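> 3D model of this:
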Amino acid sequence: MKITYIKSFFSVVFLFFVSISYAQNTKFKVVLDAGHGGKDYGATYHGNVEKNIALKTVLKVGEILEKDPNITVVYTRNKDVFVELDDRASIANKSKANIFVSMHCNANANISAAGNETYVMGITRNASNLEVAKKENSVVTLEDDYEIKYEGFDPNSPESVIGISILQEEYRELSVELAAKVQQAFTKKTSFRNRGVKEAGFLVLRKITMPRVLIEMGFVSNKEEGAFLNSDNGQDKLAEAIANSILDYKKEYFISSLTANDKNKGEEKDEEKPKEIIIKKEETKVISTKSNNDIVFKVQISASSKNLETTPSNFKGLNNVTKEKGSVIYKYFYEEANSYTEAKKNLEVAKEKGFDSAFIVAFKNGEKINISEAVKKP
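Predicted coordinates:
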């Protein structure tokens, strides 16, 4: 692949990524994407058809999520129709959703291959990951003028598959968090092998400006697993697992603007209240009416496998950056605040510096807690 092609392709992608921030809406909005559809059957083995399994499971996930009045579900397709990959991205971005979840079934010439796995966008040269991406990306050949639309993309070229991943660091950390929750939920609802969280270059994910994952729910090429995927009972269990992972993610990372406004009003009232004066044994003690000093809000600006010095030069001039070492990656945080209002101001500063995918996290006594829980604290 020529260098000029790479530059041209990424210039187009970069211009498309006019950042739509990870908005704090009044409702948590989820885009559910049923892979394939219409003339694109996806993988077909033993009478198991990927497009049908994906659609039925997506609708079941949506039905569960829609029971929550604080969730809005958007479908890229809710019937057996062919939807081009770019159109799926457009539906997601126009909806300004919080997450995008694409559901598929895996397949392999080795019919003993089994298990589920969840993908995020990333650079990889792992042969099996590339093969999965190549299979899912091959749908573009069914689209008119796909070579022009996708800037000369060749679904059979490993270089093309790797290349579309390079600009995908934005929202990566949140995508990984969501993918991990999906895999954890699968282990509770199915006996399938947990193949883990992986990365690969998927065309359907490349232009989506929000945390996004692609789920391979199991192998239709495996007779036993395929029968489970194609059954109502199997789809119910998979749907419950995926829906539960989304609900867990919402609980941990989403705070509605209404809740935030209520909290902010409460903080403003607290600041306006006079301090209480308690007189005891001729001693005067001033007690603050604020009671959430044990909760600290930080702005997570980055996550990387690299152990960086927390100097301003490494973080676009930001001071007061701290880091936390996880099992695989380092997480980098900007500032800390005792109120959500102050944290939002810090978030704005981080985004102005170019950390568009930064988000607020909360800690209580040094332990990470759900942001919604932290904001609801009196």
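
> and residue 184, how many neighbours?
Other residues near residue 184 number 15, with proximity taken as other C-beta atoms under 10 Å. Glycine gets a C-beta too; all of them are placed from N, C-alpha and C.

> I'd guessed it sits against residue 242; true?
No. Counting by C-beta atoms under 8 Å, residue 184 stays clear of residue 242, with 11.4 Å between them.

> nearest residue to residue 45 other than its sequence neighbours?
Of all residues not flanking residue 45 in the chain, residue 221 sits nearest, at 4.4 Å (C-beta to C-beta, 6 or more residues apart in numbering).

> so that neighbour, which of the three states?
coil (DSSP: H, G, I helix; E, B strand; the rest coil).

> distance of it from residue 174?
31 Å (C-beta to C-beta, to the nearest Å).

> report the buried residues of the strand ranked longest in the chain.
When the chain is parsed with DSSP state E, its longest strand is strand 295-304. By 16 or more other C-beta atoms under 10 Å, the buried positions in strand 295-304 come out as 295, 296, 297, 298, 299, 300, 301, 302, 303.

> quick one: the strands in the stretch 201-350 of the chain?
For the stretch 201-350 of the chain, applying DSSP state E, counting those that start in this stretch gives strands covering 212-219, 276-280, 283-287, 295-304, 321-325, 330-337.

> who wins for proximity to residue 97 among those?
strand 212-219 (9.4 Å; C-beta to C-beta).

> who are the packing partners of the closest one?
Applying 3 or more C-beta pairs under 8 Å, 6 or more residues apart in numbering; DSSP states H and E, one finds that strand 212-219 makes contact with helix 50-65, strand 99-106, strand 116-121, helix 172-189, helix 203-206, helix 223-229, helix 232-253.

> how about those in JSON lines, adding mean pLDDT and distance to residue 85?
What follows is the helices and strands packed on strand 212-219, written out as JSON lines (pLDDT from 0 to 100; distance: least, C-beta to C-beta, whole Å):
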{"stretch": "helix 50-65", "mean pLDDT": "98", "distance to residue 85": "14"}
{"stretch": "strand 99-106", "mean pLDDT": "96", "distance to residue 85": "10"}
{"stretch": "strand 116-121", "mean pLDDT": "89", "distance to residue 85": "13"}
{"stretch": "helix 172-189", "mean pLDDT": "89", "distance to residue 85": "18"}
{"stretch": "helix 203-206", "mean pLDDT": "76", "distance to residue 85": "5"}
{"stretch": "helix 223-229", "mean pLDDT": "97", "distance to residue 85": "23"}
{"stretch": "helix 232-253", "mean pLDDT": "95", "distance to residue 85": "21"}
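
> those: which one's closest to residue 73?
Per C-beta to C-beta, nearest to residue 73 of the helices and strands packed on strand 212-219: helix 50-65, 4.6 Å.
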